[in-house]
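Visitor: Below are the sequence and a predicted model; questions follow.
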Amino acid sequence: MNTQKTLIVIGGPTASGKTALSVSLAKTLDCSILSADSRQFFNELSIGTAKPSLVEMGGIKHYFIDSHSIQEDYTSGQFEHDALAILEDEFKEKDYAILVGGSGLYIDAVCKGIDDLPRNEEIRNQLNKEFEENGLANLQKELNEKDSSYYSMIDIQNSHRIIRALEVILESGKKMSDFQKNKPKERPFSIHYFAIDHLRSKLYEKIDNRVIQMVQNGLIDEVKNVQQFRGKQALNSVGYKEVFMYLDNQISKEEMIGLIQQNTRRYAKRQITWFKREKSTLWLDGTSPERWINTILNKID
């Protein structure tokens with residue numbers, strides 16, 4: 001690879017139109033797409049992850065869609081390694097590749113690298129025990145007190161992310177956000193960041209409608225089919241944990257839908273916060289999608 005090769009990052013909140021934009025752009029540039037959605041990797045999860053269908057993929061090669069089973073654990077560090085290997089191969093024949101998704105940590109893994117974060121099994125086991133016995137609220141409060149910056153950027157319903165951050169803090173005495181300020185790793189290709197920006201009211205309307213469509217498309221049955229993997233982190237996420245609450249008779253179907261919508265809106269706000277950290281990001285006006293391709297092409301030229 002050389003510095004003339006270009007990785008185009010398409011980010012933004014859930015339901016903002018990233019998939020359609022990336023496919024159109026890939027057709028224009030004759031290149032492949034790497035998904036940076038931490039749940040679309042898993043072939044058992046489709047409806048709740050808004051995974052693109054074969055028709056929506058438009059004949060474009062997609063990596064990291066249905067690439068793993070939920071029975072496997074797949075970390076951001078592994079993703080960094082695998083994605084860089086794929087890019088090396090892609091750039092042998094192509095000048096461009098597209099990285100698209102809403103999982104900021106996985107985008108950062110490819111573009112900046114994952115820090116070698118400290119680990120302490122004893123601390124992690126204690127935090128997991130506290131979570132099992134008392135729930136997530138106290139751990140959320142502790143992380144917010146110790147590292148409000150990192151807390152504001154992540155999905156605070158993601159127990160794995162909360163526990164991992166506290167493990168790092170308690171072991172090292174440093175904030176998780178401090179590690180993220182380290183100098184990014186050098187990459188042998190140029191990187192251009194783009195993110196889709198909708199009016200908040202419009203984005204929330206799109207999210208609410210998508211959730212209703214997911215339920216109509218069979219989200220509840222999808223969750224029933226993976227109940228044996230309930231302990232896996234991918235299922236302790238928005239769109240799945242609420243259905244488990246419904247299946248456990250803790251809430252009604254209507255409450256389940258409303259809770260998924262609410263939690264997805266909150267997650268979208270955190271996604272926006274994450275992408276705004278990258279100062280070089282060019283935000284694409286959600287009211288003018290017909291201009292997106294030209295805006296990107298002019299920027300990368």
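Guide: Thanks, I have the structure now.

Visitor: all contacts plus neighbour counts: C-alpha atoms, from now on.
Guide: OK.

Visitor: So for stretch 151-158, mean pLDDT?
Guide: For stretch 151-158, mean pLDDT rounds to 84.

Visitor: same check, this time on stretch 52-70
Guide: 96.

Visitor: and this structure, what are its domains?
Guide: Structural domains annotated on the chain: 6-114+182-300, 121-179, as defined by automatic domain parsing.

Visitor: Least reliable of these by average pLDDT, please.
Guide: domain 121-179 (a mean of 90).

Visitor: In a markdown table, list the domains of the chain along with mean neighbour count.
Guide: Conversion of the domains of the chain to a markdown table gives the following (neighbours: other C-alpha atoms under 10 Å):
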| stretch | mean neighbour count |
| --- | --- |
| domain 6-114+182-300 | 18 |
| domain 121-179 | 17 |
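
Visitor: ok, which stretches of the protein are strands?
Guide: For the chain, the strands defined by DSSP state E cover 6-11, 33-35, 62-63, 96-100, 190-197, 282-285.

Visitor: so which of those strands comes closest to Asp208?
Guide: strand 190-197 (17.1 Å; C-alpha to C-alpha).

Visitor: Give me the contact list for the closest one.
Guide: Residues outside strand 190-197 that contact it (C-alpha atoms under 8 Å, 6 or more residues apart in numbering): 3-13, 16-18, 111, 275, 280-286, 296, 300.

Visitor: Which neighbours in the sheet does it have, and how are they oriented?
Guide: Strand 190-197 sits in its sheet next to strand 6-11 (parallel), strand 282-285 (parallel), going by DSSP bridges.

Visitor: May I have it as PDB, with CA atoms only?
Guide: In PDB, the C-alpha atoms belonging to strand 190-197 read as follows (Å, rounded to 0.1, in the frame of the first residue of the first chain):
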ATOM      1  CA  SER A 190      -5.000   8.400   3.800                       C
ATOM      2  CA  ILE A 191      -8.300   8.700   5.700                       C
ATOM      3  CA  HIS A 192     -11.200  10.900   5.100                       C
ATOM      4  CA  TYR A 193     -14.000  11.200   7.600                       C
ATOM      5  CA  PHE A 194     -17.700  11.900   6.800                       C
ATOM      6  CA  ALA A 195     -20.800  11.700   8.900                       C
ATOM      7  CA  ILE A 196     -24.400  12.200   8.200                       C
ATOM      8  CA  ASP A 197     -26.100  15.000  10.000                       C
END
